[in-house]
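1. Pasted the sequence and its predicted model underneath.
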Amino acid sequence: MHDVLDPSEMLADELTQRRESGYEVSAAEDLVQEALGGSTVEKFERAWGALEATQQRDDWPYEEPTAHDDILAILPQAPDIPSSRLDDAELRDRLLAAWLGRCAGCNLGKPVEGWTRERIRRYGELTDAYPIEDYLPMADDAPEDLRLHGNWPDTTRGNVRFMARDDDIDYTILGLHILEEHGPGFDPMDVAAEWLDHLPFNQVYTAERAAYRNLTRGKVAPETASYRNPYREWIGAQIRGDMWGYVSPGDPARAARLAYKDASLSHTQNGIYGELWAAALIAASFVTDDVSQALQISLAHVPPRSRLAEAVRDSMELHRSGLDWERARDAIEDRYYARYSFVHTVNNAAVIAAALLWGARDFSRTIGLAVQGGWDTDCTGATAGSVFGAMHGTEALPPNWIDPLNDLIRSAIMGYDHSKPSELADRTLSLVGRDRVAHSS
């Protein structure tokens, strides 16, 4: 599924990507369907060329550049950021909470990744686990359409013994490694070198796998992101944003600058914006415990007329309107279900923002809602948990989520399997500049 080595899958997904991004694709559709019906190299190349020749519709209402200077040129004025200081002990506690919150949210979402919210509700009600307040239990007698993913022996209630291996956590670890090896002056090709040295090809997916494939064929950034990569606006970059926020507490602009260098290796437009937004949101979470304020700060680092910014603003407006969670999630579903894949950046950002807002300073409710919201549940749970931890610290993380992790992460990053969150938090702290600002009291 979504195999970057399969021309037919790439072609079908490129057609979808261009349609989602406002391109007039009708003239290319017949060639695409002909190639999909019996693909040869010649038919594939003709169809791909036709897609590349398509133009964005004149009535497309969004402004979504990819180049960094072009993004910076259209950003809104950043709001004032609260400033006070955390001592090393408190900042270390927040960083540990962010690591742990990310792990717990990710583990929670793994066994139901890609499920709709209706399917998750049915499973939760079957197992007396809805609304979600703990890791999901395993139901041996669940009907076929409610069978959990194969990772359930490591991710369900009573079975969690560590953070199970997941790319959402691998990239956070790799971000730490990149900063330790190259410092904050790293560039996209430094990221590429660390991918090739430390990240197995078969443990990356969609946009990252396309970029990895492009690297092995001699391409360099930013072409690694744009060349035959139908997944360039999917969620893969957004899940890589946390580390840049961790090392930039109170400085979302710096977090976004670091995030751009990472994201541009594999993504364009809203794919990049997702990582800018996540990094800035986490950086802001060290300076305010008001989710609405943190979201408002984060939006200053995303093009204001982008679909990503629109999605986050939509969730904020739904919250301000006073709707309950279910009605608000209905509204998100109505707007985005038919528009995007379950692993697209835009729709999942709307769910993350909503979970944080309706989570109401409660960790269990926050990551529970992120996962109940459906779609890319390990990613949404991880980001929501990371933001919450950075904002509130370890005392706000209930032990039923954290104790089963046993301070242990399984990872596919070479040299980092069996990492300890406590040690990763110490290493992260050592990378934070001495001129940091932090959470306001």
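-> It's in.
2. do you know how far the residue of the chain most remote from its centre is from residue 8?
-> In the chain, the residue that sits farthest from the middle, by CA atoms, centre = their mean, is residue 42; the gap is 36.2 Å. Separation of residue 42 from residue 8 (CB to CB, to the nearest Å): 14 Å. Yep, even glycine has a C-beta here, placed from its N, CA and C like the rest.
3. Centre of the chain to stretch 354-363, how far?
-> In terms of CA atoms, centre = their mean, to the nearest Å, the centre of stretch 354-363 is set 17 Å apart from its chain centre.
4. And for it, what's in contact with it?
-> 101, 289, 291-292, 295, 315-316, 318-319, 325, 328-329, 332, 365-367, 369-370, 373, 380, 384-385, 387-388, 392, 396-398, 401 (CB atoms under 8 Å, 6 or more residues apart in numbering).
5. let's see it at 7 Å
-> For stretch 354-363, the external contacting residues (CB atoms under 7 Å, 6 or more residues apart in numbering) are 101, 291-292, 315-316, 318-319, 325, 328-329, 332, 365-366, 369-370, 373, 380, 384, 387-388, 396-398, 401.
6. same question, stretch 272-283
-> Contact partners of stretch 272-283, identified using CB under 7 Å, 6+ apart, comprise 66, 98, 235, 237-238, 240-242, 244-246, 248-252, 255-256, 258-260, 262-264, 294-295, 297-298, 301-303, 306, 308, 312, 345, 349, 383, 386-387, 390.
7. Return the subset of these lying in helices.
-> 98, 242, 244-246, 252, 255-256, 258-260, 262-263, 294-295, 297-298, 308, 312, 345, 349, 383, 386-387, 390 (DSSP state H).
8. what about stretch 423-432, average pLDDT?
-> Stretch 423-432 carries an average pLDDT of 97.
9. in it, what counts as buried?
-> Buried residues in stretch 423-432, counted by 16 or more other CB atoms under 10 Å: 424-425, 428-429, 431-432.
10. And that stretch, how far out from the chain middle?
-> 22 Å.
11. What lies in contact with that stretch?
-> Taking contacts as CB under 7 Å, 6+ apart, the residues outside stretch 423-432 that touch it are 88, 91-92, 95-96, 99, 173, 176, 179, 246-247, 249.
12. swap the cut-off to 6 Å and go again
-> For stretch 423-432, the surrounding residues in contact (CB atoms under 6 Å, 6 or more residues apart in numbering) are 92, 95-96, 99, 179, 246-247.
13. Throw those into a markdown table and include distance to residue 230 and neighbour count, thanks.
-> Below are these laid out as a markdown table (distance: CB to CB, whole Å; neighbours: other CB atoms under 10 Å):
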| residue | distance to residue 230 | neighbour count |
| --- | --- | --- |
| 92 | 41 | 20 |
| 95 | 36 | 28 |
| 96 | 38 | 24 |
| 99 | 32 | 34 |
| 179 | 30 | 21 |
| 246 | 31 | 31 |
| 247 | 32 | 26 |
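14. Can you tell me which of these comes closest to residue 411?
-> Comparing the contacts of stretch 423-432 against residue 411 with CB to CB places residue 99 closest, at 12.4 Å.
15. what does the model give that closest one for pLDDT?
-> Reading off the model, residue 99 has pLDDT 99.
16. Would you mind measuring from it to residue 402?
-> 10 Å.
17. Over to residue 1?
-> For residue 1, the distance to residue 402 - CB to CB - is 33 Å.
18. the more surrounded of these two?
-> The neighbour count for residue 1 versus residue 402, taken as other CB atoms under 10 Å, is higher for residue 402 (20 against 8).
19. ok, now which ones touch that one?
-> Residues near residue 402 by CB under 6 Å, 6+ apart: residue 100.
20. can you list the domain ranges for the protein.
-> Domain ranges of the chain: 7-52, 76-431, per automatic domain parsing.
21. Residue 61 is nearest to which of these?
-> Nearest of the domains of the chain to residue 61, taken as CB to CB: domain 76-431 at 7.4 Å.
22. coming back round to it: can you tell me which of the contacts of stretch 354-363 are classed as buried?
-> Applying 16+ other CB under 10 Å to the contacts of stretch 354-363 flags 101, 291, 315-316, 318-319, 325, 328-329, 332, 365-366, 369-370, 373, 380, 384, 387-388, 396-397, 401 as buried.
23. winner for burial among the domains of the chain?
-> Greatest average neighbour count among the domains of the chain goes to domain 76-431 (a mean of 21), per mean count of other CB atoms under 10 Å.
24. Just the terminal-to-terminal distance for it.
-> For domain 76-431, the first and last residues are 29 Å from each other (CA to CA, to the nearest Å).
25. cool, and stretch 219-228?
-> 12 Å.
26. now it: mean pLDDT?
-> According to the model, stretch 219-228 has a mean pLDDT of 98.
27. same thing with stretch 128-141?
-> For stretch 128-141, the mean confidence score works out to 97.
28. Give me the below-cutoff pLDDT ranges for the stretch 301-441 of the chain.
-> Low-confidence segments of the stretch 301-441 of the chain, defined by pLDDT under 70, are located at 433-441.
29. any idea of the angle the helix or strand where residue 172 lies forms with helix 252-263?
-> Assigned by DSSP states H and E, residue 172 belongs to helix 167-182. Relative orientation of helix 167-182 versus helix 252-263 (axes from the mean of the first three to the mean of the last three CA atoms, to 10 degrees): 100 degrees.
30. what's helix 167-182 packed up against?
-> helix 242-246, helix 377-392 (3 or more CB pairs under 6 Å, 6 or more residues apart in numbering; DSSP states H and E).
31. Could I have the CA atoms of it written out in PDB?
-> The C-alpha atoms that make up helix 167-182 are tabulated as PDB, following Å, rounded to 0.1, in the frame of the first residue of the first chain:
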ATOM      1  CA  ASP A 167       8.600   5.800  13.500                       C
ATOM      2  CA  ASP A 168       7.000   8.600  15.500                       C
ATOM      3  CA  ILE A 169       9.500   7.900  18.300                       C
ATOM      4  CA  ASP A 170      12.400   7.000  16.000                       C
ATOM      5  CA  TYR A 171      12.400  10.400  14.400                       C
ATOM      6  CA  THR A 172      12.400  12.200  17.700                       C
ATOM      7  CA  ILE A 173      15.500  10.100  18.700                       C
ATOM      8  CA  LEU A 174      17.100  10.800  15.300                       C
ATOM      9  CA  GLY A 175      16.500  14.500  15.800                       C
ATOM     10  CA  LEU A 176      18.400  14.400  19.000                       C
ATOM     11  CA  HIS A 177      21.200  12.500  17.300                       C
ATOM     12  CA  ILE A 178      21.400  15.100  14.400                       C
ATOM     13  CA  LEU A 179      21.700  17.900  16.900                       C
ATOM     14  CA  GLU A 180      24.400  16.100  18.900                       C
ATOM     15  CA  GLU A 181      26.400  15.300  15.700                       C
ATOM     16  CA  HIS A 182      25.900  18.500  13.700                       C
END
